[in-house]
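Colleague: pasting a predicted model and its sequence here:
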Protein chains: 2
Amino acid sequence: MKNKAVTIKDVAKQSGVSISTVSQILNGNKDKFGKKTVENVLQAKTDLKYEPDYFARRMIMKKSKTIGVLVPDITNPFFSGVIRGIEAGLYKENYATLLCNADLDNQKESAYLEELSRRGVDGFIIASSNISNEAINKTLQAKDRPFIVIDQKKAEGFSDAVLTDDFQGGTLAGQHLQKLGHRKIAVLMPSNPPENVKQRFEGFKDNFELSDLTVIDTDLTKEAGQKAVESILRTSATAIFAVNDEIAFGVYRGLAEAGKTIPDDYSVVGYDNVDMCEYMQPQLTTIAQPIFELGQTTAELLLERISNSDKEWEEKHLPVQMIERNSTTML
Amino acid sequence: MKNKAVTIKDVAKQSGVSISTVSQILNGNKDKFGKKTVENVLQAKTDLKYEPDYFARRMIMKKSKTIGVLVPDITNPFFSGVIRGIEAGLYKENYATLLCNADLDNQKESAYLEELSRRGVDGFIIASSNISNEAINKTLQAKDRPFIVIDQKKAEGFSDAVLTDDFQGGTLAGQHLQKLGHRKIAVLMPSNPPENVKQRFEGFKDNFELSDLTVIDTDLTKEAGQKAVESILRTSATAIFAVNDEIAFGVYRGLAEAGKTIPDDYSVVGYDNVDMCEYMQPQLTTIAQPIFELGQTTAELLLERISNSDKEWEEKHLPVQMIERNSTTML
DNA sequence: GACTAATACGCAATCGCTTTTATTTTTTGA
DNA sequence: TCAAAAAATAAAAGCGATTGCGTATTAGTC
């Protein structure tokens, strides 16, 4: 049971050298030592299956090689896609991902932030719409640990950022619908939207008469999208702009239940371009964000910052793109 | 910058007692000390915003309060759902989730297992079809750390298990199709399926003449499902059994592109009952697994094991259920 | 052959905390 | 009143590594 005892000491004893020598050799200073010694130590290490104790090590190094990642909802394919990107970016550099799923719960979000910080992660990636600047400042900035808030222009001047051009994305969506002849549009978004969503709307609305736009308060979920259909039907809208794909999927369902057809009765445009878009019937026209890259780039940028903590704040921009499929049609 | 210095020593000094007293008080032995002393220490702690150093602490305690979770593909909604469950289960007990996404890559999987072990996680939850018993034995059993392989009857006698009755699930799917009058069925599954998938097939096939079943080699992804349609069309099948919902979604797309209609041309049955099933057109008939509970139960069971490492191996069974929707119809 | 300069390695401090043991102070009771 | 028991706190021993600095051994130089 308690075979838990292979320490550096054992390796030292086995190879007949001192602890410090073992440590040195195992940490790359091979060349500083006699060929024979190095060999012995390495041999002993493998014989004994020695692994340096993670905690003892980290205590001294003050680095955990771990990044805390906080997302609001891991079951949302946008976020799971981002996580996949993050994870890929971190894995390359041998960093681990400490994942926290806030479950759309503000309190859990803060609790997690604290916990991550307590656990000494080397940096944070936060993909959350809810988290307030205040919480960020309080918990993160104070601790002087690098962090990036994904796709949100918050904490300006305190962190790097990876952004997509949400305004442009909104514009593209608007232009598309407008070109197809639609004038009356139902826009589905939360009444208190996160910054990036707000930008989407800003870009979108410029293509229309403001009075032709009906904004329907809709959470960023499928359920909310479905529920919003009821309201949509009461408008004279001919097209729907859902500020994320999840909402759009909900709309598909709601519309189907109401006996309406896409795109004949309503054109619908989503946002994100998650995998499922192509598997819907009809395939969803949407604005593509480079989801995987968003995660990966963020991870890389954060890692850069960690290894060089006083470089200039950097802001990376990723492109968005209109993906025209079959959920929209000429009026 | 380097304000990183609040140690237990500072708290001790500030409150005029010794280090050990502070430690004791902060770790629950309050009652052993004078009322006044306790108060002072607590005060000093909050004044100084003292947080015990995670690593120093763990080095002694030999517990990391962290569970390593390994999944093959986080973007698969089944897995992200399971993770959400796990995460919820662990959060309640203040355990953290160290997430690893193997990305369907066997090598990455092993590498992660090693890394997790090095990082001293207290236990593992593995949701992977690929991982071999061998790898499990080698890395996990050897280290004598508790683990559970989700929904796979592997490592029997070495670990607890949380299982769903895949055989029964397969049976339900088969019975359903058979009752509707279908005889010729295309079954979409990998040629080298993980144990649970194999069971689904076993349960399924008993309802039919073996010669009426065409098994088409299909990975557990949407893309593979779509691609399989080509083969399906060459059979005389009137119904399709996809061993997970992802495949079924792929089939939807493939069938649509081939100009076929569900359920009129083909009835299709999926497996898992992920959220999206209800949002497809037509809604997907499927076998429901309690995805969230699967994760949560696993987490709880693992935690029980950790706190009581020599109780009997336990095997929990979760129910499956036929969810009849609109993707199947009478022949 | 004596002295300096590399070369190869070990000593011991340190990291921040927990825990066991020891010490001091207070209380108790006959 | 005074020793013994109890209560309150302090001292010290790790935990398992890393690391700066010191020392012994060997090689190089004249």
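Modeller: Looks like it came in fine. Residues are numbered from 1 along each chain as shown, chains lettered A, B, ... in the order given.
Colleague: quick one: the helices in the stretch 101-250 of chain A?
Modeller: A:106-118, A:133-135, A:142-143, A:166-179, A:195-205, A:222-233, A:245-257 (DSSP state H, counting those that start in this stretch).
Colleague: show me the domain layout of chain A.
Modeller: According to automatic domain parsing, chain A comprises the domains A:8-52, A:65-164+A:291-318, A:166-289.
Colleague: so which of these is nearest DNA strand C?
Modeller: Closest approach to DNA strand C among the domains of chain A (CB to the nearest atom of the strand): domain A:8-52, 2.9 Å. Glycine gets a C-beta too; all of them are placed from N, C-alpha and C.
Colleague: point out the most buried one among the helices of the stretch 101-250 of chain A.
Modeller: helix A:245-257 (a mean of 25; mean count of other CB atoms under 10 Å in any protein chain shown).
Colleague: will you turn the domains of chain A into JSON lines that also has distance to chain B and mean pLDDT?
Modeller: What follows is these, written out as JSON lines (distance: least, CB to the nearest CB, whole Å; pLDDT from 0 to 100):
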{"stretch": "domain A:8-52", "distance to chain B": "6", "mean pLDDT": "88"}
{"stretch": "domain A:65-164+A:291-318", "distance to chain B": "4", "mean pLDDT": "88"}
{"stretch": "domain A:166-289", "distance to chain B": "5", "mean pLDDT": "97"}
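Colleague: could you dump those to TSV with distance to DNA strand D?
Modeller: What follows is the domains of chain A, written out as TSV (distance: least, CB to the nearest atom of the strand, whole Å):
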stretch	distance to DNA strand D
domain A:8-52	3
domain A:65-164+A:291-318	13
domain A:166-289	41
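Colleague: quick one, which of those domains gets closest to B:Ile323.
Modeller: Of all those, it is domain A:166-289 that lies closest to B:Ile323, at 15.4 Å by CB to CB.
Colleague: quick one: end-to-end length of the closest one, please.
Modeller: End-to-end distance for domain A:166-289: 9 Å, by CA to CA, to the nearest Å.
Colleague: does stretch A:42-59 reach DNA strand C?
Modeller: Yes - under the criterion of CB under 7 Å from any atom of the strand, DNA strand C is reached by stretch A:42-59 at A:Ala56, A:Met59.
Colleague: that stretch: how far from the chain's middle?
Modeller: 34 Å (CA atoms, centre = their mean, to the nearest Å).
Colleague: what do you get for stretch A:104-123?
Modeller: 15 Å.
Colleague: for A:Ala237, phi and psi?
Modeller: phi -60, psi 150 (degrees, to the nearest 10).
Colleague: for it, which residues are in contact?
Modeller: A:Lys184, A:Ile185, A:Ala186, A:Thr214, A:Tyr266 (CB atoms under 8 Å, 6 or more residues apart in numbering or on different chains).
Colleague: now do it against A:Lys260, distance only.
Modeller: Distance, A:Ala237 to A:Lys260, by CB to CB, to the nearest Å: 11 Å.
Colleague: of all the helices of the stretch 101-250 of chain A, which lies closest to A:Lys311?
Modeller: helix A:142-143 (19.4 Å).
Colleague: roughly how far apart are A:Ala135 and A:Ser128?
Modeller: Taking CB to CB, one finds A:Ala135 at 10 Å from A:Ser128.
Colleague: between the two, which contacts overlap?
Modeller: By CB under 8 Å, 6+ apart, the residues touching both A:Ala135 and A:Ser128 are A:Glu109.
Colleague: which neighbours do A:Ala237 and A:Lys260 share?
Modeller: With CB under 8 Å, 6+ apart, A:Ala237 and A:Lys260 have common neighbours A:Tyr266.
Colleague: for the closest residue to A:Ile125 other than its chain neighbours, phi and psi?
Modeller: Nearest residue to A:Ile125, sequence neighbours excluded (CB to CB, 6 or more residues apart in numbering or on different chains): A:Val69, at 4.8 Å. For A:Val69, the backbone dihedrals (degrees, to the nearest 10) come out as phi -120, psi 130.
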